[in-house]
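*Asks:* Predicted coordinates and the sequence they were generated for:
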Amino acid sequence: MIIHHLQEKNSILNKFIAEIRDVKIQKDSLRFRRNIERIGEVLGYELSKQLTYSVKDIETPLGNSQEQLISNSIVLCSILRAGLPLHQGLLNYFDDVENAFISAYRHHSNNDAEFEIVVEYFAAPSLNKKTLLLADPMLATGQSLVAVIEAIKKFGTPKEIHILTVIGSKEGIEFIKENFPKNTHLWIAAIDDELNSKGYIVPGLGDAGDLAFGAK
Ligand code: URA
């Protein structure tokens, strides 16, 4: 797996990350969603540099030009529900791609520390030989992403996979490295050191789905 860690000194990405983490700012759910979307735009822009392009003739009002257009066949897949604002950010740039959605949630049987991932809903086009963008804002244990990659097998085998994540834990990154194909890229804004006993990222930001969609 090729890891692209995008947070670096003197980048506007730091402001977006600071705002989604900050308890004083993140409670404004409109701003929270918009910041995740803005991070999706930055991730999408960086990822666009790895895609393949072909030259196309373009007619302008005053003459002719030749411009580069993406030639990959892209499917953008997001994990519900926290993936939705990230999906929108990516869609702002990759506006004519095919879309897929999958639900994945944690089912706790006995205690907070133990859970299994339940995948119930999946709508996707064929993924065969396509470029799959997989948007999941929080890469905590990595179990959801691994459950998703298992579930999508029946839709075909993508040519390459790009995972797009806002905050990830070191443990989660190691887990997906072991369980994803080698031709996978991970595009990640921020990497945090730890998970707590409930599998939440520390310092992280809390529950991204609740913050985006208003559970108080
Ligand atoms: N999902 C979240 O929203 N936050 C975490 O820290 C982990 C998983």
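*Replies:* In hand now; what should we look at?

*Asks:* Return the distance of the residue sitting furthest away from the middle of the chain relative to the ligand.
*Replies:* Distance from the C-alpha centroid of the chain peaks at Leu62, with 40.1 Å (C-alpha atoms, centre = their mean). Leu62 sits at a distance of 50 Å from the ligand (criterion: C-beta to the nearest ligand atom, to the nearest Å). Bear in mind the C-beta positions are built from the backbone N, C-alpha and C, glycine included.

*Asks:* Tell me how far the residue minimising distance to the centre of the chain lies from the ligand.
*Replies:* Taking C-alpha atoms, centre = their mean, the centroid of the chain lies closest to Ala135, which sits 2.4 Å from it. To the ligand, Ala135 is 13 Å away according to C-beta to the nearest ligand atom.

*Asks:* List the beta-bridge partners for that residue.
*Replies:* Listed by DSSP bridges, the beta-bridge partners for Ala135 are Ser78, Leu164.

*Asks:* I'd say it and Ser78 touch.
*Replies:* Yes. Taking C-beta atoms under 8 Å as the definition, Ala135 is a contact partner of Ser78 at 4.3 Å.

*Asks:* quick one: common contacting residues for these two?
*Replies:* Among the neighbours of Ala135, those also in contact with Ser78 (C-beta atoms under 8 Å, 6 or more residues apart in numbering) are Leu86, His87.

*Asks:* would you list every one of the strands in this structure?
*Replies:* Remark: strands assigned in the chain by DSSP state E are 2-5, 53-60, 63-70, 74-80, 98-108, 115-123, 131-135, 138-139, 160-169, 184-192, 194-195, 201-202.

*Asks:* got the residues of this protein near the ligand?
*Replies:* With C-beta under 6 Å from any ligand atom as the criterion, the chain comes near the ligand at residues Ala82, Met138, Ala140, Tyr200, Ile201, Gly204, Asp207, Ala208, Gly209.

*Asks:* which residues touch Ser144?
*Replies:* Ser144 touches Ile79, Ala104, Arg106, Ile117, Asp136, counting by C-beta under 8 Å, 6+ apart.

*Asks:* quick one: low-confidence ranges for the protein?
*Replies:* The chain contains residues with pLDDT under 70 at 215-216.
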